[in-house]
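> take this sequence and fold it.
(one chain, ligands or ions: 2)
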Amino acid sequence: MKTPNMLDAKKRNQNKIEYTSYNIDLGKFGNGKKYYVRTYGCQMNEHDSEKIKGMLSSAGFVPTEDIMNADIIILNTCAIRENAHDKVFGYLGVLKHMKKSNKDLLIGICGCMAQEEVVVNEILNKYKQVDFVCGTHNLDNLLSIIKEKMDTKKRQIEVLSYEGDVVENIPVIRESKYSAWVDIIYGCDKFCTYCIVPYTRGTQRSRHHEDIVSEVEDLVKNGYKEVTLLGQNVNAYGKDIYNDYTLANLLEEVAKTGIERVRFVTSHPWDFTDEMVDVIAKYDNVMPYIHLPLQSGSNKILKLMNRRYTSEDYLKLYKQIRSKVKDSSVTTDIIVGFPGETEEDFEETLKLVNECKFDGAFTFAFSPRENTPAAKMTDVIPEDVKMDRLHRLNEVVNKYSNEANQRMLNKIVKCLVTGVSEKDENKVCGYTENMKLVNIDGPKSLIGNIVNVKITDAKSFSLDGVYVE
Ligand code: SAM
Ligand code: SF4
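Ligands and ions are numbered 1, 2, ... in the order given. Okay, here's the model as predicted:
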């Protein structure tokens, strides 16, 4: 049994990062057993679930959409806020009942919660229905952990609290046939004081650019139209392994593969260089959509958050992006109720939002995370004040996203059609170049294609449109 240790997880530069290739072959021991994977959290978790499915399928397990039918259920978890924890613990309660009626059912926990000391201790003591826990750093060892559980019937906990490695060629089953996630950098070294990611995902580790480009070339050959380059801070790409190769160089190389759309997420303002803005502006197939988390408009709070930029730095970068990247859209993340945030600090945030007029924003109430510096800060903001600020912020944010959408009215834009609309099964849906969701009046045969769409109606969170030939 290997359990997590948050103090070890914080250490940096203790071990050399190993670059290896996936080499686990335990035969088809899955023997047709059915698996069900439930994903919580960010795009990186979505992509990790694609790897979990890939590994399980390589060992002879088969997917099922019906959880009641599953022989093995894996929860790929998120730890970013307390409510992410609550969802998983709540669901484990439901699974406990399933286990009563199917005693051979296997239940496993992967993802960021698996890397947390308190969580694993709680699972060990209170959640006996969990058969195995596999951390983020040793996800490539998942099959060995499951096989060991099946062979010995003993509970398996394997979580490593070190800086992490880079394992290439993990089998993957992608959700989409048109749009693919591609990891470019794992982990994070920023240590924003509120954030648990540097502890659960390890140090910043870039993949070699040759491996990334060759993955994208394969995707192009297989008919993919879009790739999204993934990392907690993609703008730090290359810093750990190269002297003079950055995200700007990588974006350029990926753009030249001929893939029709390149996206990237998430950007940290601190590492965003002029060259990166120039490359985004230069290549038509690098999409004009940037998710640029602000977190707060108050310099005092930004400093307490250890964000390493001021509101003036942010605004300068923001204006540069807007002026250089044609038809760009910019979205952001904002936290309200960080310890010490006064009404004046919050108004600074509102002021910046009013100035930037973001296309959209993910807004959060501060949630203290065990062992992070912000969790130990004393000037705690009461829940009702946090909720009031969140509500006021959302009103402003929604006003601007509605305005941004209104500006799209009557335009003819290119959409990558991704599937049937969730709003209306007679329609399809897709995304514009600047990442707006459109419900499209058009035939299902459009799915998987980039087509012209005329925007006919604009709401706060989506657009309506009609296919034009
Ligand atoms: N790496 C990205 C960045 O630096 O912006 C995103 C990290 S996180 C997956 C997504 C967002 O969750 C953050 O941008 C932040 O706004 C929010 N978040 C992270 N920790 C939080 C916390 N303790 N309480 C509330 N929101 C939090
Ligand atoms: Fe968390 Fe900050 Fe790293 Fe983003 S940059 S993952 S918010 S520590």
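
> and the helices in this structure?
In the chain, the helices defined using DSSP state H lie at 6-10, 43-58, 82-101, 117-126, 142-152, 197-200, 209-221, 247-255, 274-282, 299-304, 311-324, 343-356, 383-406.

> between helix 117-126 and the third one, find me the angle.
Relative orientation of helix 82-101 and helix 117-126, computed by axes from the mean of the first three to the mean of the last three C-alpha atoms, to 10 degrees: 20 degrees.

> kindly report the same for the longest one.
Interaxial angle, helix 383-406 versus helix 117-126 (the same axes, to 10 degrees): 110 degrees.

> got a list of contacts for helix 383-406?
With contacts defined as C-beta atoms under 8 Å, 6 or more residues apart in numbering, helix 383-406 is touched by 329, 334, 336-337, 341, 346, 349-350, 353-354, 357-361, 363-366, 436, 458-463. Using the backbone N, CA and C atoms, a C-beta is placed for each residue, glycine as well.

> for that helix, what does the pLDDT average out to?
Here helix 383-406 scores 97 as its mean pLDDT.

> that helix: how far from the chain's middle?
The chain centre lies 22 Å from the centre of helix 383-406; the measure is C-alpha atoms, centre = their mean, to the nearest Å.

> around ligand 1, pick out the residues from the stretch 301-450 of the chain.
Residues of the stretch 301-450 of the chain lying close to ligand 1 by C-beta under 6 Å from any ligand atom are 333, 335, 364, 366-367, 369.

> most neighbours, which of these?
Highest neighbour count within those, by other C-beta atoms under 10 Å: residue 335, with 27 neighbours.

> does that residue touch residue 364 like I think?
Yes - counting by C-beta atoms under 8 Å, residue 335 touches residue 364, with 5.1 Å between them.

> tell me where the model's unsure across the chain.
14 (pLDDT under 70).

> how about the residues of the stretch 1-150 of the chain by ligand 1?
42, 80-81.

> can you add neighbour count and distance to ligand 2 and give these back as a markdown table?
Below are those laid out as a markdown table (neighbours: other C-beta atoms under 10 Å; distance: C-beta to the nearest ligand atom, whole Å):
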| residue | neighbour count | distance to ligand 2 |
| --- | --- | --- |
| 42 | 17 | 9 |
| 80 | 20 | 8 |
| 81 | 18 | 12 |
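
> closest one to residue 417 out of those, please.
Ranked by distance to residue 417 (C-beta to C-beta), those are led by residue 42 at 24.2 Å.

> which residues touch that closest one?
78, 80.

> got phi/psi on it?
With angles defined as degrees, to the nearest 10, residue 42 sits at phi -80, psi 180.

> distance of it from residue 354?
The spacing between residue 42 and residue 354, counted by C-beta to C-beta, to the nearest Å, is 28 Å.

> repeat for residue 248
Distance from residue 248 to residue 354, counting by C-beta to C-beta: 31 Å.

> can you check residue 335 too?
Counting by C-beta to C-beta, the separation of residue 335 from residue 354 is 18 Å.

> can you pull the residues of the chain lying near ligand 2?
Residues of the chain found near ligand 2 (C-beta under 6 Å from any ligand atom) are 188, 190-192, 195, 197-198, 232-233, 268.

> just the buried ones from those residues, in ChimeraX syntax?
To isolate the buried members of the residues of the chain next to ligand 2 in ChimeraX, using 16 or more other C-beta atoms under 10 Å:
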select :188,190,192,195,197,198,232,233,268
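
> can you redo the residues of the chain next to ligand 2 as TSV with distance to ligand 1?
Compiled in TSV, these are given as follows (distance: C-beta to the nearest ligand atom, whole Å):
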residue	distance to ligand 1
188	6
190	7
191	11
192	6
195	4
197	6
198	10
232	4
233	5
268	5
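
> re the thing from before, more neighbours: which of residue 248 and residue 354?
Higher neighbour count among residue 248 and residue 354: residue 248, with 20 against 12, using other C-beta under 10 Å.

> ends of stretch 399-415, what's the gap?
End-to-end distance of stretch 399-415 (C-alpha to C-alpha, to the nearest Å): 24 Å.

> next, the buried residues of it.
Neighbour counts using 16+ other C-beta under 10 Å place 400-401, 404-405, 408, 413, 415 of stretch 399-415 among the buried residues.

> could you do stretch 195-215 as well?
195-207, 209, 211-213, 215.

> for stretch 418-432, same thing?
Neighbour counts over stretch 418-432 (16+ other C-beta under 10 Å) mark 418, 421, 427-432 as buried.

> for stretch 304-316, same thing?
By neighbour count on 16+ other C-beta under 10 Å, the buried set for stretch 304-316 is 304-305, 307, 309, 311, 313-315.

> what do you get for stretch 452-469?
Neighbour-count burial for stretch 452-469 flags 453-455, 458, 462-467 (criterion: 16+ other C-beta under 10 Å).

> so what's the gap between that stretch and the chain middle?
Worked out by C-alpha atoms, centre = their mean, stretch 452-469 lies 27 Å from the chain centre.

> dump that stretch to CSV, restricted to CA.
The C-alpha coordinates for stretch 452-469 follow below in CSV (Å, rounded to 0.1, in the frame of the first residue of the first chain):
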residue,chain,number,x,y,z
ASN,A,452,-20.8,27.9,-42.7
VAL,A,453,-23.6,28.9,-40.3
LYS,A,454,-25.7,32.1,-40.2
ILE,A,455,-26.4,33.2,-36.6
THR,A,456,-30.1,33.8,-36.2
ASP,A,457,-30.5,34.3,-32.4
ALA,A,458,-28.1,35.1,-29.5
LYS,A,459,-28.6,34.1,-25.8
SER,A,460,-26.3,34.5,-22.9
PHE,A,461,-24.7,31.1,-23.1
SER,A,462,-25.4,29.9,-26.7
LEU,A,463,-26.3,31.0,-30.2
ASP,A,464,-28.9,29.7,-32.7
GLY,A,465,-28.0,29.4,-36.3
VAL,A,466,-28.9,27.9,-39.7
TYR,A,467,-26.6,26.0,-42.0
VAL,A,468,-25.7,27.8,-45.2
GLU,A,469,-24.2,25.9,-48.1
